[in-house]
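Trainee: Take a look and give me a structure for this.
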Amino acid sequence: MNTSFTEAIYDIFEQISTYNKTLWPKSISTIYLAGGAAVHFYTNARRSDDIDAIMEPIKPAIPDHLGTTWDNNGVVESVSFDTTYHPYFGLLAEDYMDRAVHIKEIGGNLSLYVLHPIDLVITKVLRYSDADAEDIEHLVQHKEFNVDVFKQLAQESLDARGMASHYQNHIQWVIDAYESHQQPDRDYS
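Mentor: Reported below is the predicted structural model:
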């Protein structure tokens, strides 16, 4: 998907790439998009004013006041890099890297991936805000979303954090959202 918001995301990572080349010319980082920016890559339904990302093996240096603007149908909007995002604020399956989808190489020192739809939904299970519920509604419709794999990975993630009983209803909400999209349209005439 190639939209103005997508180009703004790439611009942010190009700035990070350039900045890191001046500090550590041989440094290479792998970046996994999460949050609204990642949802956008799958659904084009979400835009965000910040970019959440997981960076491995080490976090690259982030320039101060990192941001860019993009054109949203004639309205100029801005997006910045969220330096406070940490994937362990929520849930994350241990093997998320194995399912992540490679998007592109940037500047020879950054490999950009987007979390798989299942892993994106798992990151939203704990908080389950209105925006998270909307994202989940879109993501469970994606062809790559498998509800059985989601149930297994979400349960394992909750168990690993000792939260299984408290958030079990959140997992069920995701399953319900998935199942509601699997029902054939009924003709009530």
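
Trainee: ranges for the helices of the protein?
Mentor: For the chain, helices defined by DSSP state H occupy the ranges 4-23, 35-43, 96-99, 117-124, 130-139, 147-160, 168-182.

Trainee: Now do residue 163 against residue 6, distance only.
Mentor: Between residue 163 and residue 6 the distance, using Cβ to Cβ, to the nearest Å, works out to 34 Å. Heads up, the C-betas are built off the backbone N, CA and C, glycines and all.

Trainee: who's in contact with the least confident helix or strand in the chain by mean pLDDT?
Mentor: In the chain, no helix or strand scores lower on mean pLDDT, DSSP states H and E than strand 67-72, which sits at a mean of 75. Applying Cβ atoms under 8 Å, 6 or more residues apart in numbering, the contact partners of strand 67-72 are 4-5, 7-8, 11-12, 15, 47, 76-81.

Trainee: for stretch 97-106, same thing?
Mentor: 10, 13-14, 17, 30, 32-33, 41, 56, 111-116, 118-119.

Trainee: One more pass at 7 Å, please.
Mentor: 10, 13-14, 17, 32, 111-116, 118-119 (Cβ atoms under 7 Å, 6 or more residues apart in numbering).

Trainee: how about residue 137, what does it touch?
Mentor: residue 177.

Trainee: what about the nearest residue to residue 91 once chain neighbours are set aside, how many neighbours?
Mentor: Of all residues not flanking residue 91 in the chain, residue 157 sits nearest, at 4.2 Å (Cβ to Cβ, 6 or more residues apart in numbering). For residue 157, the count of nearby residues is 24 (other Cβ atoms under 10 Å).

Trainee: Hmm, residue 93 and residue 157 touching each other?
Mentor: Yes - using Cβ atoms under 7 Å, residue 157 is in contact with residue 93, at 5.4 Å.

Trainee: most centrally placed residue in this protein?
Mentor: In the chain, the centroid-proximal residue (Cα atoms, centre = their mean) is residue 34; its distance is 2.2 Å.

Trainee: Pretty sure residue 136 sits against residue 177.
Mentor: Yes - the criterion here is Cβ under 7 Å, and residue 136 meets it with residue 177 at 5.6 Å.

Trainee: Who has more neighbours out of those two?
Mentor: Taking other Cβ under 10 Å, residue 136 and residue 177 do not tie; residue 136 has more neighbours (23 against 18).

Trainee: For that one, give me the pLDDT.
Mentor: Residue 136 carries a pLDDT value of 92.

Trainee: same check, this time on residue 40
Mentor: Here the pLDDT value assigned to residue 40 is 92.

Trainee: where does the closest residue to it other than its chain neighbours fall, phi/psi-wise?
Mentor: Leaving aside its sequence neighbours, residue 40 sits nearest to residue 46 (Cβ to Cβ, 6+ apart; 4.9 Å). Dihedral pair for residue 46: phi -130, psi 140, per degrees, to the nearest 10.
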